[in-house]
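Asks: predicted coordinates and the sequence they were generated for:
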Amino acid sequence: MESLKKDVQKLLLCFFLFFSAVCVVTGLVVGGADALTGLVTVMTSTEKLTTDVLAPEMGGLGGGLLSVGIVGLISWGVLKFSKAKVSGASFGAFFLMVGFAFFGKNPLNILPIIAGTFLYSKVKKKPFGDFANMSLFGCALAPAVSEFMFGTCNPWSKGVGILVGVVVGLLIGFVFAPVASHTATMHKGFDLFNAGLAAGLMGIIIFLVYKQIVLVPAGSAADYAANSIKGESHQMFFNVFIGAISAASILFGAVLNGGFKGYGALLKRTGHKTDFAALDGGPLCLINFGVLGFFGLAYLNLVKAPFTGPVIGALLCLMCWAANGSHVLNVWPIFAGYALVSLAQGTGFAFLAGQGIAVGVMFASGLSPIAGKYKFWWGIIASAMHACLVSYTAGFHGWMNCYNGGFTAGLVAMVLVVILEALIPEKEAAA
């Protein structure tokens, strides 16, 4: 059994390295020398939601993908060299990192947060590997680091800003683990994006303190706003890019698994507090990853959503729980809930085509355990609630929390799950 676990860990780490390398090489190929210039621009810019790193004024397609790949390599290095026990949660942590490297994270703004968690592990006198996943989850607040470093409303120079940003990042990384461990009890495991709820609550405090102590005295509070830089839609490129990765994932998983045996059993799981990697094995997780990828691509093409950096990043975040809670049978009700809201607005499906809503539905998938345990109609209701809230919650934390969709999912779960537990006996919920 121990040997089997090590095989799963090696497989997942190899997959993380492969994905990161593909992004780095692709970025250099499509961007050439401009990719390096674009990378520098991404790292020295504010990255509040929703800043598309693929936009020409940011990194462009080449520089953006290079940044994504390097973030992936850093994340892989954290998991490998800390000797962390790589699990389904690690799969989620890694793909949240690379997903949000398309809008919010970069190789610079994540480092102080990871270092802060490392310091926390030393204070707790425990191996950093025990907190490696959490160090990556804590990077949800990476935009706050960039804002303190390079924000245009700050009253200090860039040199001072970099110092302030590093200190803020260290503090975020140091306290994130205990906060996140508490928020997991608030939604009882029904929000897969638990880090989003933790980061959202922390982000509200950080933003309001920052506004009151820094921006108001500087007279720049009224100028502070979202940094919503929208890039071009790269529909053909990402259909091929994500499609090829999804196909390779399914093929590789099927070869290692000897076919698709066992995948039906995975699809019967509720997704609530479920580690597919431990229960079903790495190969089936790769198959599930690819299936979710094709599902998400089909949806984006169907509703004619733009294939921008934030949308593709969000798609990877849908796929990120392929090893720890999500599959097509508990995810489809989430997409149906968004469609229901669109129909209720009387605008057909035009509502679904917007970048913000296309991003939002991917993160509403964090509520898939509700659909898995309490039947599909409750998943639809949870998703509809998410669709109504997600466009407004980012302002609470000043657009500093990457995982705003996960924050919103946490708010929905905190209210809805306690009602479901009160009304539906445990024996009537899915096993």
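Replies: Sure thing, it's come through. Everything numeric here is computed off the predicted structure, so don't read it as measured data.
Asks: just checking, Lys211 touches Ala221?
Replies: Yes: judged on Cβ atoms under 8 Å, Lys211 makes contact with Ala221 at a distance of 5.7 Å. C-beta: built from backbone N, CA, C; applies to glycine.
Asks: in stretch 220-236, what counts as buried?
Replies: Residues 220, 224, 227-229, 231, 233-235 are the ones in stretch 220-236 that count as buried (16 or more other Cβ atoms under 10 Å).
Asks: for stretch 232-252, that is, sorry about that
Replies: The neighbour-count check on stretch 232-252 (16+ other Cβ under 10 Å) flags 233-235, 237-238, 241-242, 245-246, 248-250, 252 as buried.
Asks: re earlier: got a markdown table for the buried residues of stretch 220-236, with pLDDT and distance to Ser82 too?
Replies: Below are the buried residues of stretch 220-236 laid out as a markdown table (pLDDT from 0 to 100; distance: Cβ to Cβ, whole Å):
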| residue | pLDDT | distance to Ser82 |
| --- | --- | --- |
| Ser220 | 95 | 39 |
| Tyr224 | 94 | 36 |
| Asn227 | 83 | 32 |
| Ser228 | 81 | 35 |
| Ile229 | 87 | 34 |
| Gly231 | 90 | 34 |
| Ser233 | 93 | 38 |
| His234 | 95 | 34 |
| Gln235 | 96 | 38 |
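Asks: quick one: contacts for Ile114?
Replies: 74, 78, 135-136, 138-139, 173 (Cβ atoms under 8 Å, 6 or more residues apart in numbering).
Asks: return the subset of those lying in strands.
Replies: Nothing among those maps onto strands, per DSSP state E.
Asks: PyMOL command for the buried members of those residues?
Replies: Burial among the contacts of Ile114 is assessed by 16+ other Cβ under 10 Å; the matching PyMOL selection reads:
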select buried, resi 74+78+135+136+138+139+173
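Asks: contacts for stretch 259-268, please.
Replies: Residues outside stretch 259-268 that contact it (Cβ under 8 Å, 6+ apart) are 254, 276, 279-281, 284, 287-288, 327-329.
Asks: of the residues you listed, buried ones?
Replies: 254, 276, 280-281, 284, 287-288, 327, 329.
Asks: the domain parsing of this protein - what is it?
Replies: The chain breaks down by automatic domain parsing into domains covering 2-223, 235-425.
Asks: next, Gly219: phi, psi?
Replies: Main-chain dihedrals, Gly219, degrees, to the nearest 10: phi 70, psi 20.
Asks: and the helix or strand bottoming out on mean pLDDT in the chain, what does it pack onto?
Replies: Lowest on mean pLDDT, DSSP states H and E among the helices and strands of the chain sits helix 2-31, with a mean of 88. Contacts defined by 3 or more Cβ pairs under 8 Å, 6 or more residues apart in numbering; DSSP states H and E place helix 2-31 against helix 34-43, helix 60-81, helix 88-100, helix 235-257, helix 276-280, helix 282-303.
Asks: report the inter-axis angle for that helix versus helix 282-303.
Replies: 40 degrees (axes from the mean of the first three to the mean of the last three Cα atoms, to 10 degrees).
Asks: okay, buried residues for the helix or strand hosting Ala409 please.
Replies: In this structure, Ala409 sits in helix 404-423 according to DSSP states H and E. Residues of helix 404-423 classed as buried by neighbour count (16+ other Cβ under 10 Å): 404-414, 416-417, 420.
Asks: counting contacts, what elements does that helix pack onto?
Replies: helix 158-186, helix 194-210, helix 355-364, helix 368-374, helix 376-393.
Asks: for Gly38, find the nearest of those.
Replies: helix 158-186 (19.3 Å; Cβ to Cβ).
Asks: buried ones in that closest one, by neighbour count?
Replies: Applying 16+ other Cβ under 10 Å to helix 158-186 flags 161-162, 164-166, 168-177, 179-180, 183-184, 186 as buried.
Asks: can you pull out the low-pLDDT segments for the stretch 301-431 of the chain?
Replies: The model of the stretch 301-431 of the chain has pLDDT under 70 over residues 427-431.
Asks: now do the stretch 151-300 of the chain
Replies: For the stretch 151-300 of the chain (pLDDT under 70), the answer is none.
Asks: what's the separation between Glu232 and Ile242?
Replies: Distance, Glu232 to Ile242, by Cβ to Cβ, to the nearest Å: 17 Å.
Asks: ditto for Thr46
Replies: For Thr46, the distance to Ile242 - Cβ to Cβ - is 27 Å.
Asks: same thing with His327?
Replies: Taking Cβ to Cβ, one finds His327 at 18 Å from Ile242.
Asks: picking that back up, kindly reformat the buried residues of stretch 220-236 as TSV containing secondary structure and distance to Gly59.
Replies: Rendered in TSV, the data for the buried residues of stretch 220-236 read as follows (DSSP: H, G, I helix; E, B strand; the rest coil; distance: Cβ to Cβ, whole Å):
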residue	secondary structure	distance to Gly59
Ser220	coil	27
Tyr224	coil	24
Asn227	coil	14
Ser228	coil	16
Ile229	coil	11
Gly231	coil	9
Ser233	coil	16
His234	coil	13
Gln235	helix	19
